[in-house]
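1. take this sequence and fold it.
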Amino acid sequence: GDGGGLGERESAVMLNGFGVIVNALGIRAKPYLPQIAGTIKFRLNNKDALVRGQSAELVSRIAQVMSTCKEDHLMAHLGVVLYESLGEEFPATLAAILAGLRGIVSVIGMKRMQPPIKDLVPRLTPILKNQNERVQENAIDLIGRIADRGAQFVSAREWMRICFELIEMLRAKKKSIRRASVSTFGFIAKAIGPSDILHVLLGNLRVQDRTMRVCTTVSLAIVAESCGPFTVLPALLNEYRVPDINVQNGCLKALSFMFEYIGPMSKDYIYAVVTLLEDALTDRDPVHRQTACTAVKHLALGVHGAGCEDALQHLLNFVWPNIFESSPHVIGAVFEA
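-> Residues are numbered from 1 along each chain as shown. Prediction:
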């Protein structure tokens with residue numbers, strides 16, 4: 001049908017119904033795909049923004065089936081049509097177009113993707129500046145998929161440009177956007193190596209905004225997880241020497257998240273961080289001690305049974321005196337450690 005005059009709710013019901021049927025048909029849907037794709041293409045030019053959005057959204061629902069039916073050329077063709085619609089002015093429709101592209105990118109072979117990845121990514125970078133939350137989330141998601149599956153088609157310089165945009169996303173109000181940015185950092189770090197990204201992230205520990213710093217520390221930990229902790233740790237240890245409370249706190253937090261993520265791998269790094277944790281556990285600032293206690297907790301859980309008892313006992317001697325703390329957060333962290 002032409003879907004004219006459908007409200008948003010009916011539209012969602014239609015989409016779900018159609019998507020479920022096509023997915024249930026699986027390989028048997030092959031004879032109908034050209035016709036479905038033709039209808040989608042025709043409706044992507046509809047004057048009603050809702051209809052355009054609905055058709056783009058449908059692409060993301062049936063991409064998996066197209067892939068099962070080996071209809072890569074059809075997907076690539078739809079990819080080009082969606083790519084040409086990226087100038088869409090209505091945010092809800094633009095978000096749907098990005099979702100459609102994400103569906104295609106997730107299943108098609110990267111070499112067969114049309115438009116070529118090297119043209120698609122630079123076109124997505126400015127969309128990250130869009131203020132609409134769904135647009136941001138879908139754009140970050142799409143870039144993350146590309147970084148995961150086809151990073152080699154895009155220059156390192158373009159990836160760095162995206163990193164600077166993603167840094168801004170770390171202060172988004174919506175948690176899912178922050179989470180998507182953080183995981184995309186991991187993919188990009190895997191793709192272009194950690195050194196440039198570390199430089200950006202460590203500089204970011206100096207900002208005033210707390211949410212931003214916390215997200216930066218999570219990103220650091222994710223980079224450590226995806227590129228190996230030995231790439232990040234020397235930089236963190238070095239950064240801790242900066243006499244700025246925020247920076248030192250950020251380093252401790254990043255260590256804490258890192259030990260949480262890498263778990264048993266911590267045993268190779270425990271002796272490298274003992275002196276830093278000593279310093280933090282004897283600091284006058286209660287937040288330092290609290291964060292250090294959290295780091296000790298994750299570290300202790302990670303190295304359980306790995307024969308690092310000497311280091312843990314040594315750290316316990318520094319954790320113990322904090323038992324008299326009055327602040328509930330600090331005392332909580334102490335007891336957990």
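2. distance check, G79 against A180.
-> Distance of G79 to A180, given as Cβ to Cβ, to the nearest Å: 21 Å. In short, each C-beta sits where N, CA and C put it, glycine included.
3. same question, V207
-> For V207, the distance to A180 - Cβ to Cβ - is 20 Å.
4. okay, the two: which has more neighbours?
-> A180 (23 against 16; other Cβ atoms under 10 Å).
5. quick one: name whatever helix or strand follows whichever strand or helix holds that one.
-> Using DSSP states H and E, A180 maps to helix 175-192. Of the helices and strands lying after helix 175-192 in sequence (DSSP H and E), the nearest is helix 194-203.
6. show me which residues of the helix holding A180 are buried.
-> Residues 177-178, 180-192 are the ones in helix 175-192 that count as buried (16 or more other Cβ atoms under 10 Å).
7. for it, list the C-alpha coordinates in PDB.
-> Extracted C-alpha coordinates of helix 175-192, given in PDB (Å, rounded to 0.1, in the frame of the first residue of the first chain):
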ATOM      1  CA  LYS A 175      23.300   7.200  28.300                       C
ATOM      2  CA  SER A 176      23.000   5.100  25.200                       C
ATOM      3  CA  ILE A 177      24.700   7.700  23.100                       C
ATOM      4  CA  ARG A 178      27.600   7.900  25.600                       C
ATOM      5  CA  ARG A 179      27.800   4.100  25.600                       C
ATOM      6  CA  ALA A 180      27.800   3.900  21.800                       C
ATOM      7  CA  SER A 181      30.600   6.500  21.600                       C
ATOM      8  CA  VAL A 182      32.700   4.700  24.100                       C
ATOM      9  CA  SER A 183      32.500   1.300  22.300                       C
ATOM     10  CA  THR A 184      33.200   3.100  19.000                       C
ATOM     11  CA  PHE A 185      36.400   4.400  20.500                       C
ATOM     12  CA  GLY A 186      37.400   0.900  21.200                       C
ATOM     13  CA  PHE A 187      36.800  -0.100  17.500                       C
ATOM     14  CA  ILE A 188      38.700   2.900  16.200                       C
ATOM     15  CA  ALA A 189      41.600   2.300  18.600                       C
ATOM     16  CA  LYS A 190      41.800  -1.200  17.300                       C
ATOM     17  CA  ALA A 191      41.900   0.100  13.800                       C
ATOM     18  CA  ILE A 192      44.500   2.900  13.900                       C
END
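8. got the angle between whichever helix or strand I162 is part of and helix 194-203?
-> In this structure, I162 sits in helix 156-169 according to DSSP H and E. In terms of direction (axes from the mean of the first three to the mean of the last three Cα atoms, to 10 degrees), helix 156-169 departs from helix 194-203 by 30 degrees.
9. which helices and strands sit right next to the helix holding A180?
-> Counting contacts by 3 or more Cβ pairs under 8 Å, 6 or more residues apart in numbering; DSSP states H and E, helix 175-192 is packed against helix 133-150, helix 156-169, helix 194-203, helix 210-227.
10. the closest residue in space to E88 that isn't next to it in sequence: neighbour count?
-> Of all residues not flanking E88 in the chain, L94 sits nearest, at 4.3 Å (Cβ to Cβ, 6 or more residues apart in numbering). A count of nearby residues for L94, using other Cβ under 10 Å, gives 25.
11. so L94, which state does it fall into?
-> L94 falls in the helix class when you classify it by DSSP: H, G, I helix; E, B strand; the rest coil.
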